[in-house]
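Enquirer: Let me see the structure of the following:
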Amino acid sequence: MTNTSKARFQSLTGVRFIAVCLVFIYHNRKYWRDSLHPEVIRLFNEFHVGVSLFFVLSGFLIAYTYEDKPLQSASAYCKYFLVRCARILPLYWLILTLYYLDKHYGNFQFSLLTYSLFHGFSDAHNLDGIAQAWSLTVEMTFYILAPVLFFIKRKNLWLLLIILVSLFALFWGIGAIWQYWNTNQQRFFMPIQFLLLNSFAGRSSEFLAGMILASVVQKNAGWLQKLPFKTIIGFSSMFLTIYVIGWFQKDIYDHGYTHSIGMLISKTALPLSMALVLAGLIYEDTWLNKTLGSKLLVLLGNASFAFYLVHISYVNLKIKDWYTFPDRNFIILWIISIVLYKYFESPIYHLCKKLLKTKKVEN
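Expert: Now for the predicted structure:
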């Protein structure tokens with residue numbers, strides 16, 4: 001991105017803070033079930049949609065950055081993909097390694113599946129190691145396919161929709177054939193609900209919403225710029241949609257998105273409302289835009305990936321072995337996340353980018 005684009009999208013970095021806070025509330029809601037109103041818990045039960053917001057944002061940023069740069073050579077594609085790997089894998093591998101080296105947790109039971117993220121394709125293993133890392137498999141699948149998806153979208157959006165539906169059918173077919181061939185005891189690419197909730201094929205509409213927004217923004221579509229109150233309408237519709245999905249919960253332990261109508265809403269209306277949120281933050285000069293674009297929120301947004309990796313599972317469990325603070329370790333987890341971002345994640349990422357710029361990648 002140019003410096004102008006970066007400044008224009010500063011508030012989108014702050015959105016990551018909102019997304020990861022939604023996920024944090026979702027994972028800690030069980031501690032508040034007896035103290036909060038049932039309708040509030042109904043809403044919190046669907047705050048897993050913070051992951052959806054990450055996916056919509058990822059679809060937008062990757063499409064905006066790379067869509068108009070056709071990756072015509074193996075060298076260019078490798079550089080693109082290695083940069084994306086450098087953004088995600090080093091910190092994930094660090095925390096995963098610490099987990100396996102701890103005899104009270106991973107107990108030296110290292111797994112190639114978790115290091116490669118292939119465990120995310122299995123319903124039996126997708127929560128192994130760092131449980132929330134299942135979403136990294138979804139993200140990396142998108143990175144791998146993105147250049148092809150961008151090429152197809154430029155040709156025909158309807159064709160892209162057919163391709164994405166076909167991709168889901170392919171994933172399901174692989175699982176079904178695998179099961180027929182040798183029972184598929186590890187449940188790779190199955191069952192269907194797992195594919196809908198935990199695979200790129202099932203979550204593709206979220207990335208697609210971001211991709212379409214990127215095309216509209218790049219074309220400077222007048223109708224979107226003239227649409228009033230995008231930010232407030234976007235956030236209002238997003239939280240209203242989340243609450244409506246919650247209507248389909250059978251009880252306070254259930255999820256609305258696991259039921260057919262709730263699932264349909266989560267795949268259609270929800271990504272569109274999130275795309276409108278991003279459009280509002282890009283085009284409108286509001287107090288929320290300024291707040292999310294402030295130095296503090298940008299820092300927290302940049303550290304949100306680290307927070308996502310530490311907020312449950314190994315790191316937080318280690319802290320809880322010592323002490324659980326009244327805020328469920330929210331503040332101390334952010335302190336750890338900022339340190340990880342500033343002194344490990346960011347330096348490693350920029351070092352890798354520098355090396356890739358100076359070193360020719362072989363075709």
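Enquirer: My guess is L127 contacts W134. True?
Expert: Yes: counting by CB atoms under 8 Å, L127 does reach W134; the two are 6.5 Å apart. Quick note: C-beta positions are derived from backbone N, CA and C, even for glycine.
Enquirer: Looking at these two, which one has more neighbours?
Expert: Between L127 and W134, counting by other CB atoms under 10 Å, W134 is the more crowded of the two (24 against 16).
Enquirer: ok, now which ones touch that one?
Expert: By CB atoms under 8 Å, 6 or more residues apart in numbering, W134 lies in contact with H119, G120, N126, L127, N198.
Enquirer: Tell me both backbone torsions, phi and psi, for it.
Expert: Per-residue torsions, W134: phi -60, psi -30 (degrees, to the nearest 10).
Enquirer: Local confidence estimate at it?
Expert: Per-residue confidence (pLDDT) for W134: 97.
Enquirer: Leaving out sequence neighbours, find the closest residue to it.
Expert: N126 (4.2 Å; CB to CB, 6 or more residues apart in numbering).
Enquirer: P191 too?
Expert: Distances taken as CB to CB, 6+ apart put D123 closest to P191, at 6.7 Å, once the chain neighbours are dropped.
Enquirer: Please list all residues in contact with the nearest residue to I233 once chain neighbours are set aside.
Expert: Distances taken as CB to CB, 6+ apart place L276 nearest to I233, at 6.4 Å, with adjacent residues excluded. By CB under 8 Å, 6+ apart, the residues touching L276 are K230, I233, G234, S237, M238.
Enquirer: now A209
Expert: V56, G59, P271, L272, M274, A275 are the contacts of A209 under CB under 8 Å, 6+ apart.
Enquirer: Looking at A7 now. What's its pLDDT?
Expert: Model confidence at A7 (pLDDT) stands at 56.
Enquirer: before we move on, the earlier item: so which of the contacts of A209 comes closest to E284?
Expert: Lowest distance from E284 to the contacts of A209 (CB to CB) belongs to A275, with 14.3 Å.
Enquirer: The closest one - that's part of a helix, no?
Expert: Yes: using DSSP: H, G, I helix; E, B strand; the rest coil, the assignment for A275 is a helix.
Enquirer: Grab the longest helix from the protein for me.
Expert: The residue-count maximum for a helix in the chain (DSSP state H) belongs to helix 74-101.
Enquirer: Give me the buried positions along the helix or strand that it is followed by.
Expert: Next along the chain after helix 74-101, taking DSSP states H and E as the criterion, comes helix 112-116. Residues of helix 112-116 classed as buried: L113, T114, Y115 (neighbour count, 16 or more other CB atoms under 10 Å).
Enquirer: Give me the contact list for helix 112-116.
Expert: By CB under 8 Å, 6+ apart, helix 112-116 touches W93, L96, F118, H119, S122, H125, D128, G129, I130, A133.
Enquirer: Kindly tell me how buried H259 is, as a neighbour count.
Expert: Neighbourhood size, H259 [other CB under 10 Å]: 16.
Enquirer: Disregarding flanking residues, what is the spatial nearest neighbour of it?
Expert: F248 (4.3 Å).
Enquirer: Who wins on neighbours among the contacts of W134?
Expert: The residue in the contacts of W134 with the most neighbours, by other CB under 10 Å, is N126 (26 neighbours).
Enquirer: Backbone torsions only: list them for that residue.
Expert: Note on N126: backbone dihedrals following degrees, to the nearest 10 are phi -70, psi -10.
Enquirer: Hmm, L136 and it touching each other?
Expert: No: between N126 and L136 there is no contact under CB under 8 Å: 10.5 Å.
Enquirer: which residues do these two both contact?
Expert: What both N126 and L136 touch, as defined by CB under 8 Å, 6+ apart, is the set G120.
Enquirer: What are the boundaries of the strands in this protein?
Expert: Using DSSP state E, the chain contains no strands.
Enquirer: Flag the shaky bits of it, pLDDT-wise.
Expert: 1-8, 68-71, 359-363 (pLDDT under 70).
Enquirer: What is the nearest of the buried residues of helix 112-116 to F168?
Expert: For the buried residues of helix 112-116, the residue nearest F168 by CB to CB is L113; the value is 22.4 Å.
Enquirer: and that closest one, how far is that from W134?
Expert: 12 Å (CB to CB, to the nearest Å).
Enquirer: Ok, L195 next?
Expert: Relative to W134, L195 is positioned 12 Å away (CB to CB).
Enquirer: now T241
Expert: From T241 to W134 the distance is 23 Å (CB to CB).
Enquirer: ditto for L22
Expert: Taken as CB to CB, the span from L22 to W134 is 17 Å.
Enquirer: before we move on, what about V56?
Expert: From V56 to W134 the distance is 18 Å (CB to CB).
Enquirer: for H259, same thing?
Expert: H259 sits at a distance of 21 Å from W134 (criterion: CB to CB).
Enquirer: now for the longest helix of the chain, which elements pack on it?
Expert: helix 112-116, helix 134-155, helix 304-310, helix 314-322, helix 346-358 (3 or more CB pairs under 8 Å, 6 or more residues apart in numbering; DSSP states H and E).
Enquirer: Please put the alpha-carbon coordinates of the third one into PDB.
Expert: This points to helix 304-310. Provided in PDB are the C-alpha atoms of helix 304-310 (Å, rounded to 0.1, in the frame of the first residue of the first chain):
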ATOM      1  CA  SER A 304      -4.300  -8.500  18.200                       C
ATOM      2  CA  PHE A 305      -2.800 -11.600  16.500                       C
ATOM      3  CA  ALA A 306      -0.600 -12.200  19.500                       C
ATOM      4  CA  PHE A 307      -3.600 -11.600  21.800                       C
ATOM      5  CA  TYR A 308      -5.600 -14.100  19.800                       C
ATOM      6  CA  LEU A 309      -2.900 -16.800  20.200                       C
ATOM      7  CA  VAL A 310      -2.500 -16.200  24.000                       C
END
